[in-house]
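Q: next comes the sequence, and after it the predicted model I'd like to discuss.
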Amino acid sequence: MIASLFSKTRPINYALIFLMLLSCFFLYQFQLENIDFTTKIIIEKAAVLVLIIFSFFLVNFISLKNSLTKNDNYAILIFFIFILLFPTILDDSKIVLSNVFLLLALRRLVSLKTLNSPKEKIFDASFWIFLSAIFHFWSILYIVLVFISIIFHSGKDFKNWLLPFVSFLCVWILYIFASLVLFDNYTINDNIFDVSFNFFAFDNVYQNMALALFVSISVLFFASQTFDYQNKPLNMQSSYKQIYFSFILAVGIYIFSPNKSNDLLIYSFAPLSILGANMFEKFEDSVYKEVSLYLLFAVGLFFFFAQL
């Protein structure tokens, strides 16, 4: 049922995802302790919800508009299941906002294959990445994807190699201006370049179990689609390479970030959702596909409620 329902892009699929996300969001918010729901808090939490919904829109747009998946909604379903595994994401405004900026960058970079307005796309993507780094510094690693994309699509024009540095200068100037206007000073956090390799700082056993499961799923999705790379259409192979590198860089962000939390895994959700959708599209046995998706969804629900 679930596999056949999401095998096509239907309005009911978006409605179901929206209702399930809304339900999970409010379930998580109302179980938080010592939360005084002032107007400011309500606005902040509403902003997080809007950003997460926008993230779904971007994942769906990137996968369908660029033909990275077939005409189905498996990508947003898998994205939702990943959020179920790590419900603390529903309360992490900075990481969610940072990830939205990276999704906007990925949208521009994948569309480079059309060769329409490459300079604007390179500048925009770099701009979004540097904005993302303001909210979580190590997301700046994604700038590597910009240079990789330039190699794939427009490396012969030397001006394209300079555009990321122009974007950096623009964001730097805007950051200084905003700091002076809003806070009347300009400072840089001394700990901004901190790195930590402590991977065991979690609150409970269910977070560790969810992380272990997510790692297993990630290896399965990434490995299966890497081995299937040669079967991709030639005109799409560079786009899939961008998705592969996007996932690898997301892993890098998690590894280098000083304050480890499962929330940081959100950077890998979009590329993994697209790779996972491709894997399910390859299944010829509909029963196996149904059972696999039901099992994945059930496990996501289990870990969501276990962490409330």
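A: On my side now, so go ahead. Numbers count the residues shown, from 1 in each chain.
Q: could you pull out the helices for this protein?
A: Remark: helices assigned in the chain by DSSP state H are 2-5, 11-31, 39-65, 74-85, 93-110, 118-135, 143-153, 158-183, 205-227, 237-256, 266-282, 286-306.
Q: give the buried residues for the second one.
A: Residues of helix 11-31 classed as buried: 13, 16-17, 20-21, 24-25, 28-29 (neighbour count, 16 or more other C-beta atoms under 10 Å). Using the backbone N, CA and C atoms, a C-beta is placed for each residue, glycine as well.
Q: thinking residue 306 is in contact with residue 206, fair?
A: Yes - if you go by C-beta atoms under 8 Å, residue 306 and residue 206 touch, sitting 4.4 Å apart.
Q: so for the two, which sits in the more crowded spot?
A: Set residue 306 next to residue 206 and count neighbours by other C-beta atoms under 10 Å: residue 206 wins out with 17 against 14.
Q: so residue 241 touches residue 151, yeah?
A: No - counting by C-beta under 8 Å, residue 241 sits too far from residue 151 to count as a contact (9.9 Å).
Q: I'd say residue 61 and residue 110 touch.
A: No - counting by C-beta under 8 Å, residue 61 stays clear of residue 110, with 10.1 Å between them.
Q: more neighbours: which of the two?
A: residue 110 (26 against 12).
Q: what about residue 230, neighbour count?
A: Neighbourhood size, residue 230 [other C-beta under 10 Å]: 8.
Q: please give me every residue in contact with the residue lying closest to residue 90 once chain neighbours are set aside.
A: The spatially closest residue to residue 90, leaving aside those adjacent along the chain, is residue 28, at 4.8 Å (C-beta to C-beta, 6 or more residues apart in numbering). Residue 28 makes contact with 87, 90-91, 308 under the criterion C-beta atoms under 8 Å, 6 or more residues apart in numbering.
Q: quick check: the farthest pair among those?
A: Within the contacts of residue 28, two members stand farthest from each other by C-beta to C-beta: 91 and 308, at 12.0 Å.
Q: these two: which has the busier surroundings?
A: Taking neighbours as other C-beta under 10 Å, residue 91 and residue 308 compare with residue 91 leading, 17 against 12.
Q: what's near enough to touch that one?
A: If you count contacts by C-beta under 8 Å, 6+ apart, residue 91 has them with 28-29, 32, 45, 48.
Q: between these, which sits nearest residue 124?
A: Nearest to residue 124 among those: residue 48, at 24.2 Å, using C-beta to C-beta.
Q: please tell me how far that closest one sits from residue 134.
A: 17 Å (C-beta to C-beta, to the nearest Å).
Q: compare these two (neighbour count), which wins?
A: Set side by side, residue 48 and residue 134 show more neighbours around residue 48, with 20 against 17, by other C-beta under 10 Å.
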